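In: what's the 3D shape of this:
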Amino acid sequence: MTQDIQSKSQLREKQCITCSVSTPPLSKTESESLLNQIDQEWAINMDSTAITRSFQFRDFYQTMAFANAVAWIANQQDHHPELVISYRVCQVSYCTHSIKGLSENDFICAAKIDHLQDGIN
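Out: Prediction:
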């Protein structure tokens, strides 16, 4: 197993931990390091407070099935993304609102969603 695949697997196996308002957000360097452990299509916004990825599908049914699976992951992890859904696209954005920035939880959920997407393609 390559280091890259192993890092993705390790992140995906973690569980989200509740952040308190006193939890500091990840630094830009920490965020970029974790970004390297998820699919390259995820992007960090300009102020390093959120990560976003768009997923493309054949039709609305497949898009909604994916969105429901993302909702299931979100409820299991008690960490909820912003979803923007259209006919063949589901855009997923994560930000840990309680700390007004990124936490490891955002990347854990992204890795879990990447694994879900791997099973669809």
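In: all contacts plus neighbour counts: C-alpha atoms, from now on.
Out: OK.
In: Who are the contact partners of the nearest residue to Q56 once chain neighbours are set aside?
Out: Spatial nearest neighbour of Q56, chain neighbours left out: V89 (4.7 Å); criterion: C-alpha to C-alpha, 6 or more residues apart in numbering. Applying C-alpha atoms under 8 Å, 6 or more residues apart in numbering to V89 gives the contacts 54-57, 63.
In: And the residues you listed, which two are furthest apart?
Out: Spatially, the most separated pair among the contacts of V89 is S54 and T63, at 11.0 Å (C-alpha to C-alpha).
In: Compare those two and say which is more crowded by neighbours.
Out: Using other C-alpha atoms under 10 Å as the criterion, S54 and T63 rank with T63 on top: 20 against 15.
In: Overlap of the contact sets of S54 and T63?
Out: Common neighbours of S54 and T63, using C-alpha under 8 Å, 6+ apart, are 89-90.
In: next structured bit after the lowest-mean-pLDDT helix or strand in the chain?
Out: Every helix and strand of the chain was ranked by mean pLDDT, DSSP states H and E. The lowest is helix 3-13, at a mean of 70. Downstream of helix 3-13, the next assigned helix or strand under DSSP states H and E is helix 28-35.
In: Using PDB, list the CA coordinates for that following helix.
Out: C-alpha atoms of helix 28-35 as PDB (Å, rounded to 0.1, in the frame of the first residue of the first chain):
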ATOM      1  CA  LYS A  28      -3.200  26.900   6.700                       C
ATOM      2  CA  THR A  29      -0.300  24.500   6.900                       C
ATOM      3  CA  GLU A  30      -2.200  21.900   8.900                       C
ATOM      4  CA  SER A  31      -5.200  22.200   6.500                       C
ATOM      5  CA  GLU A  32      -3.000  21.800   3.400                       C
ATOM      6  CA  SER A  33      -1.300  18.700   5.000                       C
ATOM      7  CA  LEU A  34      -4.700  17.100   5.500                       C
ATOM      8  CA  LEU A  35      -5.900  18.200   2.100                       C
END
